[in-house]
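> based on what follows, work out the 3D shape:
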Amino acid sequence: MYIDKVPNHDPPPAVLLRESYREGGKVRKQTIFNLSYWPEHVVEGLQRLLKGENLVSVEEVFAIQRSLPHGHVEANPGMIRKTGLDELIASKRCCRRDLVLTTIVERLMEACSQLVPFRQRARCTQLSTPDRNHSLPGQSLRTPRGVPSNEKLSLKITYSDPRT
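Next up, the predicted model:
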């Protein structure tokens, strides 16, 4: 397909969308659509498209505001499962095993001291007993004096974005 400008006796030429083909050794033209009444800039854009050009580059239209890596995050737990480290820590899945594996993956991804992951989780998760005593992960939870030992601990989760 191509755009053909055919001169007329009158000043404006006929602008035609055409297709060429061979019939019996001769080249024939078939008019598909008359573009004479289209604005010039639209005809130029269609002509560029038919030639295979990009009218607008991707960088002009889209801007990457934030890109989050994902592949290496999924690769670490996959390798832990493949090597059997998760079953070495605990044979059945439980909260403590998940915390240990999370700490291992976090240390593999970002080299930091041993306490940094716990400090980050302490900002996000807050364990409290009925009388509002707080405990960080890794510390033992004791029943405060005056509270019956059959009272259940309540889990209060608050989220604070570490990037802000």
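
> in this structure, what residue spans correspond to strands?
Using DSSP state E, the strands of the chain run over residues 2-6, 14-23, 26-34, 125-128, 134-135, 154-157.

> which of these sits most buried?
Using mean count of other Cβ atoms under 10 Å, the stretch among these with the greatest mean number of neighbours is strand 125-128 (a mean of 15). Where you see a C-beta, it was placed from the backbone N, CA and C, and this is true even at glycine.

> which residues touch residue 97?
By Cβ atoms under 8 Å, 6 or more residues apart in numbering, the contact set of residue 97 is 86, 89, 90.

> not counting sequence-adjacent ones, nearest residue to the last one?
Going back to what we said before, that points to residue 90. Closest residue to residue 90 apart from its sequence neighbours, by Cβ to Cβ, 6 or more residues apart in numbering: residue 97 at 4.0 Å.

> also the first one?
The shortest distance from residue 86 to any non-neighbouring residue, by Cβ to Cβ, 6+ apart, is to residue 80 (5.5 Å).

> what's around that neighbour, how many residues?
Using other Cβ atoms under 10 Å, residue 80 has 18 other residues around it.

> surely it meets residue 105?
Yes - applying Cβ atoms under 8 Å as the test, residue 80 and residue 105 come out as touching, 7.3 Å apart.

> for the strands of the chain, which one sits closest to residue 75?
Smallest distance to residue 75 across the strands of the chain (Cβ to Cβ): 25.7 Å, for strand 125-128.

> just to revisit the earlier point, residue 55: which of the strands of the chain is closest?
From the strands of the chain, taking Cβ to Cβ, the stretch that ends up closest is strand 2-6, at 15.1 Å.

> circling back: taking the contacts of residue 97 one by one, which sit in helices?
86, 89 (DSSP state H).

> what subset of the contacts of residue 97 is buried?
Buried members of these, scored by 16 or more other Cβ atoms under 10 Å, are residue 86.

> which of the contacts of residue 97 lies closest to residue 48?
Within those, proximity to residue 48 (Cβ to Cβ) peaks at residue 86, which comes in at 56.0 Å.

> contacting residues for that closest one?
80, 93, 97, 101.

> and those, which two are the farthest apart?
Taking Cβ to Cβ, no two of these sit farther apart than 80 and 93, at 12.5 Å.
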